[in-house]
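**Q** structure of the sequence below:
(one chain, ligands or ions: 1)
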Amino acid sequence: MKITEVCSIPIHCHGTAKRGIVKLATDEGYVGYGEVGETATEHLSALYVEGLVYPHWKNILLGKNPLNINQILRELWTGSLFAGRTGGALLSALSGVDFALIDLKGKILGIPGYQVVGGGFRQRIRIYQDTAGGATPHDYAKHGATAVQKGFDAIKYDLDVGYGVHRAEFGYDPYNEHVTNRELELMVEKVQAVRDTIGYDVDVAIDLHGRYNVPSAIRIAKALERFQLLWLEEPVPPENIVALREVKNATSIPICCGENLYSKWGFRDLLIMQAADIIMPDITQVGGILEGKRIADLADLYYIPVAPHNNCGPMATIAMAHLCAAIPNFLLLEWHGARIPDWDAIIHWDGPVISKGYLTLKDTPGLGYTLNEKEILKRNPEAEELFR
Ligand SMILES: [Mg+2]
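**A** Next comes the predicted model:
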């Protein structure tokens, strides 16, 4: 069997963000689909996947036996050294190809995606909702209560006010990454309001988006310790692992990091130095399900749990769930779609993809989704290629 068709189409599939869908088809009529993540925009996914620039991925893919996924992905990756293979858009595009290949192989063999990568520990995947905050502690509490009513037992809030101009709007220096007393006080008031409203049985994680310097990050962590948080995410910028370890060693709150790291090499130093308590690889950015599994296995060497970062559409979310099914050290998976009413409209699934805090994988071959042709064509009339 050979891959005989490769295409990628951009569509609006997550709010206003554009995502790509990769299609791989074979000479025996099998078709696999994958979603390309945020970093590979419309333009880039077309460049990399369609092979408009060197290294001509399309030419590498055509004629290959689709069952040899590792060999195919390695060849794409190896040939992309000078196109930026150490991070960013290229690895996002590669992840989309990984998803499509696993979907394809599952369909060819008649098994679900998590069986393609070694088999399942679970089919019900626990989901945490990325939850809106707001200007006031009351807003934070209100949104948390709504999430809990919908059946979530784990939620995450952003607690920083953004970067640069956003910090300036609050009267903070936009560049020095220093937390002011008033800013810190407001953070504590917000988390206090959440705990007062939803109690301590719900897991609460806090994201700081890498906005703070080391002493500020330590002050924030210490001030939040009494709230029994699930984790504190990216308290300092992600580039310096030693700085992150300083924060980790100074607080009892578990520190989570990884959404801005790429491939297993990106996680090497973080894991060897045990600079985080929990890792959150974004499977649409690390290189796909198979690379995600390697990262999870490396984390397992240090008994570190994995909670994948996810702000994607339904196809990539389901693809990530297959990885979550196939690793022992899975903790929970993010979901960013609560504020998007038609978040899962581009695929067919049995009911909503996320329900009462879980995503339940099916036994159907491949990744388990089928594309909603009508909905996709509505978002991009040029997507006909996906259905030919
Ligand atoms: Mg984050």
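**Q** pLDDT weak spots in the chain?
**A** Scanning the chain for pLDDT under 70 picks out the ranges 13-16, 41-55.
**Q** separation between the closest residue to Ile127 other than its chain neighbours and Pro352?
**A** Closest residue to Ile127 apart from its sequence neighbours, by Cβ to Cβ, 6 or more residues apart in numbering: Trp335 at 4.8 Å. For the C-beta atoms, the positions are set from N, CA and C on the backbone; glycine is no exception. From Trp335 across to Pro352, the span is 11 Å (Cβ to Cβ, to the nearest Å).
**Q** so which of those two has more stuff around it?
**A** Each of Trp335 and Pro352 has its neighbours counted (other Cβ atoms under 10 Å); Trp335 has more, 23 against 12.
**Q** who touches the residue of the stretch 251-388 of the chain found nearest the ion in this structure?
**A** Relative to the ion, the nearest point of the stretch 251-388 of the chain is Glu259 (5.1 Å; Cβ to the ion). Residues near Glu259 by Cβ atoms under 8 Å, 6 or more residues apart in numbering: Glu234, Pro238, Met280, Pro281, Asp282, Gln285, His309.
**Q** quick one: the strands in this protein?
**A** Along the chain, counting by DSSP state E, strands occupy 3-14, 17-26, 31-36, 124-130, 154-158, 203-207, 231-233, 255-257, 278-279, 333-335, 347-348, 358-360, 370-371.
**Q** make JSON lines out of those and add distance to Ile304.
**A** Formatted as JSON lines, those follow (distance: least, Cβ to Cβ, whole Å):
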{"stretch": "strand 3-14", "distance to Ile304": "28"}
{"stretch": "strand 17-26", "distance to Ile304": "29"}
{"stretch": "strand 31-36", "distance to Ile304": "27"}
{"stretch": "strand 124-130", "distance to Ile304": "17"}
{"stretch": "strand 154-158", "distance to Ile304": "18"}
{"stretch": "strand 203-207", "distance to Ile304": "16"}
{"stretch": "strand 231-233", "distance to Ile304": "12"}
{"stretch": "strand 255-257", "distance to Ile304": "10"}
{"stretch": "strand 278-279", "distance to Ile304": "6"}
{"stretch": "strand 333-335", "distance to Ile304": "16"}
{"stretch": "strand 347-348", "distance to Ile304": "32"}
{"stretch": "strand 358-360", "distance to Ile304": "23"}
{"stretch": "strand 370-371", "distance to Ile304": "35"}
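**Q** distance to the ion added to those, as TSV?
**A** Shown next, in TSV, are the strands of the chain (distance: least, Cβ to the ion, whole Å):
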stretch	distance to the ion
strand 3-14	16
strand 17-26	16
strand 31-36	19
strand 124-130	9
strand 154-158	8
strand 203-207	4
strand 231-233	5
strand 255-257	8
strand 278-279	12
strand 333-335	8
strand 347-348	25
strand 358-360	19
strand 370-371	29
